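A.B. asks: my questions concern the predicted model and sequence given below.
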Protein chains: 2
Amino acid sequence: MTIHDVAARAGVSVATVSRVLNRNAPVREETSQHVQDVARRLRYVPNVAARSLSIRRSNTIGVVLPNVHGEFFSEVIRGVDVAARKAGFHILVSGSHSDAGEMLAVLDAMRGRVDGLLVMAPDVAIGSLREQIPSELPLVLLNATSVDHDAISIDNYGGAHAMTAYLASLGHTSIAFIKGPDPNADARERLRGYRQAMKKIGVRDRGLECPGDFTEETGCEAAKALLQRAPRPTAIFAANDAMAVGALSALSEAGVSVPAEVAVAGFDDIRVGRYVTPSLTTVHVDIDELGRRALELVVDAIDRPAQGDRRTEIVSTSLVIRNSTKIRPRGRKGGSQ
Amino acid sequence: MTIHDVAARAGVSVATVSRVLNRNAPVREETSQHVQDVARRLRYVPNVAARSLSIRRSNTIGVVLPNVHGEFFSEVIRGVDVAARKAGFHILVSGSHSDAGEMLAVLDAMRGRVDGLLVMAPDVAIGSLREQIPSELPLVLLNATSVDHDAISIDNYGGAHAMTAYLASLGHTSIAFIKGPDPNADARERLRGYRQAMKKIGVRDRGLECPGDFTEETGCEAAKALLQRAPRPTAIFAANDAMAVGALSALSEAGVSVPAEVAVAGFDDIRVGRYVTPSLTTVHVDIDELGRRALELVVDAIDRPAQGDRRTEIVSTSLVIRNSTKIRPRGRKGGSQ
DNA sequence: CTCCAAAATGTAAACGGTTACATTGATGGC
DNA sequence: GCCATCAATGTAACCGTTTACATTTTGGAG
């Protein structure tokens, strides 16, 4: 069942059938109808490979993500997927890459299969990417700001700054921060936002910063470690919700009441944050929107290539105040102790 | 940069180049080396579309999922992705379909683009699928058992049965069940396992079953409703972890102690279950493995088509006992009340 | 050295679309 | 009635592979 069959059956040439199906050239209405009828009757479906070969375009976008934690992953894909469907593109997905080499291999394998790329490489040196990817292939970076590439990311700095300022406004000055993985761009920006806000309230104690890697486990450990500190921090701000949940769990186990003794806040606004006890104050991020806009950027880059200026977007965040910080810490003389 | 350029540069014919690159016909070692060198030097990458057109195969598998909750989604994709990479396939993903129509549209759009299909349609009438999909296209159903299709699913029945039996072994007889969405195949099987186990211990009270739709919200509501019941159930078994977490949250808010007054159990073993308080007893499912084996099934179906017998697999589950059930309920005279 | 089978390589026809260019037919101005 | 113009359609080249078949080369037997 090829376009030739349809043409023969409809008594027209293949060119006419092609024109009818693509609506890209004038065809008499009557002819058009007839061809469409025949095509439908024959259940004709154009051969994608042949079409791609001819027009040198696959209508497919490659989406490459690192080994990223659950909620975030699915939400991004969802956003990308919906936007792609709307724009008439398919998405070729590859997630779960732990190292740069693996990622480059995947990018290589996608060569020629995709019209554009959406790459999330928060902790990969971007430099090595471009030289590996054909430079004419549109590329949008996810959650990694870069001056030489189109990119979109969350307002990590702003969100972390706002949360820290909010905690300070509750009277906290000893606000601990559980960091994300060192090389991760999101993690770094969040840390920067926290530090800046701390500086603003006149606290410069690097001892308040604990290592973490975005998993619940490290949130747990960090919280336990913090409880040992002599002047115990009155607030803990984790660089993401997973760690905040881990911290809550450790605090609960240690019998420390939240938020009365220690306030806790996270970043991301994952679903479950609403259902842990106490419910988690966090920085809300519309991940779905991140994915959607990222895809739109790629499509734009494909449709109108090589605009001199870089396309760069930032998705804004907002604070979500819940019970893990709500009540002012009491009973503890001189808040900073 | 085409195969012709490589051939010209290497002083051989295109056929030889093709044979070298595909290693599917005898070529003199010396020639082979030379051609490979030239190809590498020229950074030649075969045109995928042309190749697909010629061999009528895309090395791509379509993965179609419904609008499924976070953790599950990402884990499945991860498993599928890893297995696909190993098998040399790409995956064309489309998630987030709320209704059957949308899904059929997507399947249609994938026509010709994929060599096989992995479809999760727990609440779609399967019948309508097959007639829409070219029958020669390998299709594997995810989490939906079917006699007429290759399929793989979780041992929902067994897992639910085992969990219910475990709760009973702790002395509970009044075990409530929060159901999943009615048309969902997983939900139905879990309910069946629960009922069967309840029957075995001689309890047949349909009043113990509450509606739910796999979201935390409905878990919350169900738990609240259950607390109103005159003889209050001593255990709540939710058809998935999200609802169990919702229930825990509602119980905690109502000041009901878990597991002392009410035991709670879930199904899925999502990460966060370890970090809620109390940590959640649940049925562990290796979703990653589900995805992996599902993909292997499709690949197998592609490589060796039309074996008369259906390929059907079931991924087993296991109980994970944590604190939400651990302590025997005390103080309550005559367990069955 | 000749001859033949087997191995290595080349030639060209698919694969199924799109589209530049050619052709045909209709329309209207003169 | 003629010709320019333009809309509608047809013809065939092209996109970059793979591969059946043809051809050349090789090596060993006789």
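C.D. replies: Perfect, thanks for sending it.

A.B. asks: mind listing the strands for the stretch 151-300 of chain A?
C.D. replies: A:175-178, A:209-210, A:235-238, A:263-265, A:282-285 (DSSP state E, counting those that start in this stretch).

A.B. asks: and the helices in the stretch 1-150 of chain A?
C.D. replies: Taking DSSP state H, counting those that start in this stretch as the test, the helices found in the stretch 1-150 of chain A are A:3-10, A:14-22, A:29-41, A:48-55, A:70-87, A:100-110, A:127-132.

A.B. asks: pretty sure A:Asp241 sits against A:Arg274.
C.D. replies: No - contact criterion C-beta atoms under 8 Å: A:Asp241 and A:Arg274 do not qualify, at 10.5 Å. The C-beta positions use only the backbone N, C-alpha and C, and glycine is treated the same way.

A.B. asks: looking at the two, which has the bigger crowd around it?
C.D. replies: A:Asp241 (29 against 18; other C-beta atoms under 10 Å in any protein chain shown).

A.B. asks: which pLDDT does the model give the more buried one?
C.D. replies: You'll see A:Asp241 listed with a pLDDT of 96.

A.B. asks: likewise the one 4 residues further on?
C.D. replies: In the prediction, the pLDDT value recorded for A:Val245 is 96.

A.B. asks: excluding its backbone neighbours, what's nearest it?
C.D. replies: B:Tyr275 (4.8 Å; C-beta to C-beta, 6 or more residues apart in numbering or on different chains).

A.B. asks: number of nearby residues for the one you found?
C.D. replies: Neighbours around B:Tyr275, by other C-beta under 10 Å: 23.

A.B. asks: okay, buried residues for stretch A:136-148 please.
C.D. replies: A:Leu137, A:Pro138, A:Leu139, A:Val140, A:Leu141, A:Leu142, A:Asn143, A:Ala144, A:Thr145, A:Ser146 (16 or more other C-beta atoms under 10 Å in any protein chain shown).

A.B. asks: which ones among the residues you listed are found in strands?
C.D. replies: Using DSSP state E, the subset of these located in strands is A:Leu139, A:Val140, A:Leu141, A:Leu142.

A.B. asks: which of the residues in the helix or strand encompassing A:Ser324 are buried?
C.D. replies: Per DSSP states H and E: A:Ser324 is located in helix A:323-326. Going by neighbour count (16+ other C-beta under 10 Å), the buried part of helix A:323-326 is A:Asn323, A:Ser324, A:Thr325.

A.B. asks: of the residues you listed, closest to B:Gly88?
C.D. replies: A:Ser324 (47.1 Å; C-beta to C-beta).

A.B. asks: do I have it right that the closest one meets A:Glu261?
C.D. replies: No - A:Ser324 is beyond contact range of A:Glu261, at 11.7 Å (criterion: C-beta under 8 Å).

A.B. asks: if we can go back for a sec, need the overlap of contacts for A:Asp241 and A:Arg274.
C.D. replies: A:Leu280 (C-beta atoms under 8 Å, 6 or more residues apart in numbering or on different chains).

A.B. asks: and the nearest residue to A:Val256 once chain neighbours are set aside, what pLDDT?
C.D. replies: Among residues not flanking A:Val256 along the chain, A:Val262 sits closest, at 5.7 Å (C-beta to C-beta, 6+ apart). Looking at A:Val262, its pLDDT reads 96.

A.B. asks: my read is that A:Val262 contacts A:Arg229, right?
C.D. replies: No - assessed by C-beta under 8 Å, A:Val262 is found out of contact with A:Arg229, at 11.2 Å.

A.B. asks: these two: which has the busier surroundings?
C.D. replies: Looking at A:Val262 and A:Arg229 with other C-beta under 10 Å, you find the greater number of neighbours at A:Val262, namely 27 against 13.

A.B. asks: how much space between that one and chain B?
C.D. replies: 15 Å (C-beta to the nearest C-beta, to the nearest Å).

A.B. asks: residue ranges with poor pLDDT in chain A?
C.D. replies: Filtered on pLDDT under 70, chain A yields the residue ranges A:69, A:122-128, A:306-308, A:327-337.

A.B. asks: quick one: name the residues of it near DNA strand C.
C.D. replies: A:1-4, A:14-15, A:18-19, A:21-22, A:24, A:44-47, A:50-51, A:53-55 (C-beta under 7 Å from any atom of the strand).

A.B. asks: that older thread, just the strands of the stretch 151-300 of chain A: most buried one?
C.D. replies: strand A:235-238 (a mean of 32; mean count of other C-beta atoms under 10 Å in any protein chain shown).

A.B. asks: paired strands for that one, with orientation please.
C.D. replies: In the sheet, strand A:235-238 lines up against strand A:175-178 (parallel), strand A:263-265 (parallel) (DSSP bridges).

A.B. asks: so how far is the shortest one off the chain centroid?
C.D. replies: Between the mean C-alpha location of strand A:263-265 and the chain-wide mean there is a distance of 24 Å, by C-alpha atoms, centre = their mean, to the nearest Å.

A.B. asks: kindly report the same for the first one.
C.D. replies: Put simply, strand A:175-178 sits 24 Å off its chain's centre (C-alpha atoms, centre = their mean).

A.B. asks: what sits up against it?
C.D. replies: Under C-beta under 8 Å, 6+ apart, the answer for strand A:175-178 is A:164, A:167-168, A:191, A:194, A:198, A:203, A:208-212, A:218-219, A:222-223, A:226, A:233-239, A:243-244, A:247.

A.B. asks: from the residues you listed, which land in helices?
C.D. replies: A:164, A:167-168, A:191, A:194, A:198, A:218-219, A:222-223, A:226, A:243-244, A:247 (DSSP state H).

A.B. asks: of those, just say which sits nearest to chain B.
C.D. replies: The shortest approach to chain B among those belongs to A:Gly219, at 8.1 Å (C-beta to the nearest C-beta).

A.B. asks: related to what we said a few turns ago, relative to A:Val38, which of the strands paired with strand A:235-238 is closest?
C.D. replies: Of those, nearest to A:Val38 by C-beta to C-beta is strand A:263-265, at 63.5 Å.

A.B. asks: contacting residues around that closest one?
C.D. replies: By C-beta under 8 Å, 6+ apart, strand A:263-265 touches A:163, A:166-167, A:170, A:172, A:234-238, A:244, A:247-248, A:251, A:258, A:280-283, A:324-325, A:329.

A.B. asks: before we move on, the earlier item: what subset of the residues of chain A next to DNA strand C is also close to chain B?
C.D. replies: Residues of the residues of chain A next to DNA strand C in contact with chain B (C-beta under 8 Å from any C-beta of the partner chain): A:Val45, A:Pro46, A:Asn47, A:Ala50, A:Leu53.
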